[in-house]
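In: Any chance you can model this:
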Amino acid sequence: MPVSDALAALQDNPYFGAGFGLLGVGSALALARKGAQFGVLAFRRHCMVTLEVTSRDKSYHWLLAWITQRARRAQHLSVDTSFHQHESGKISTTFSFIPSPGNHYVWYNSKWLRVERNREKQMIDLHTGTPWETVTVTSLGTDRQLFHQILTEGQWAVQARRAEWPTPAPNLYVSMCVDPGEAMYQGLGRLTFSGLLNALDGVASTEARLVFMTTNYLDRLDAALIRPGRVDYKQFVGHCSHWQLCQMFQRFYPEQPATAAQRFADEALAVSEQLSAAQLQGHFLLYKMEPLKAIENIQQITE
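Out: Below is the predicted model:
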């Protein structure tokens, strides 16, 4: 029977016209919809593999580095600005453009990968103050080794970037104490001596950090502050010796011969035997590109 004749017969059917037929059609469409949803869910569960990485995981930055290399055609980008300090004190700035939150598609190892970057606007990381993010990578098939390759390549990319710029160790904190027996101020918040001790190794302390404390009055410091276990190493930094003068000169002017460094050290000690490293650095900065003038005008270092 042709479809047109079947539809005409349904129209003439009194039960169909009363609503039973429409109910049946609606039920059939609902079942078809449920079946399609179940089929899609079963396909994702058995024919697709998904990796989710949160911003708290160490491999998160590796995955972002890999996405940056692969998704070069992304039109919506986010910028990651980093600063790198050289041994000479010069600071260089680099910009890394990362695909912004949203969906991106990457062709990798003869497969299309769906990369979804989500950013929670209502949640932030209490340690870094940045919004909470997750990156989800979805691929056809069940090969989990693919994700291992992706993270390994991302790790290599991050290591290569760090190798280009010598940077200090992460999570490095520098604390200066002048007279911890009195109340001190840090920013807009008041810090007491007991609060300082708690910040060093008490309930308010954090892991993976180095603390440097400097003072001009070691004898005035409270014994609780510099006890063994809280201060592991003490180093007296006095005035520069002849060897230190030569080393600093060669560090600022590496192209100069050793004889020039020796001459600078001799003339500097002739001016004063009590020269600090800060004085030398300030003098060198005045003559960044003129090492000979730094030697000739050494008398100005005490002015």
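
In: From now on I want contacts and neighbour counts done on CA atoms only, so please keep to that.
Out: Fine.

In: Tell me where the stretch 1-150 of the chain has strands.
Out: Counting by DSSP state E, counting those that start in this stretch, the stretch 1-150 of the chain has strands at residues 48-54, 77-85, 91-99, 102-108, 111-124, 131-140.

In: and Thr214, that one's in a strand?
Out: No. Thr214 is assigned coil when assessed by DSSP: H, G, I helix; E, B strand; the rest coil, not a strand.

In: Next, count neighbours for it.
Out: Per other CA atoms under 10 Å, the neighbour tally for Thr214 reads 16.

In: same thing with Val79?
Out: 11.

In: And for Tyr233?
Out: Counted with other CA under 10 Å, Tyr233 comes out at 9.

In: for it, helix, strand, or coil?
Out: coil.

In: re the thing from before, same list (the strands of the stretch 1-150 of the chain) but as CSV, adding mean pLDDT and distance to Val271.
Out: Conversion of the strands of the stretch 1-150 of the chain to CSV gives the following (pLDDT from 0 to 100; distance: least, CA to CA, whole Å):
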stretch, mean pLDDT, distance to Val271
strand 48-54, 84, 59
strand 77-85, 73, 32
strand 91-99, 75, 32
strand 102-108, 82, 64
strand 111-124, 79, 56
strand 131-140, 84, 56
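
In: what about these, which gets the closest to Ala28?
Out: Comparing the strands of the stretch 1-150 of the chain against Ala28 with CA to CA, the closest turns out to be strand 48-54 (28.7 Å).

In: Which neighbouring elements make contact with the closest one?
Out: strand 131-140 (3 or more CA pairs under 8 Å, 6 or more residues apart in numbering; DSSP states H and E).

In: Can you give me the buried ones in the strand it packs on?
Out: Counting neighbours by 16 or more other CA atoms under 10 Å, one finds that the buried residues in strand 131-140 are 132-140.

In: how about these in JSON lines, adding distance to Asp201?
Out: Output for the buried residues of strand 131-140, formatted as JSON lines (distance: CA to CA, whole Å):
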{"residue": "Trp132", "distance to Asp201": "28"}
{"residue": "Glu133", "distance to Asp201": "31"}
{"residue": "Thr134", "distance to Asp201": "33"}
{"residue": "Val135", "distance to Asp201": "35"}
{"residue": "Thr136", "distance to Asp201": "38"}
{"residue": "Val137", "distance to Asp201": "40"}
{"residue": "Thr138", "distance to Asp201": "43"}
{"residue": "Ser139", "distance to Asp201": "46"}
{"residue": "Leu140", "distance to Asp201": "49"}
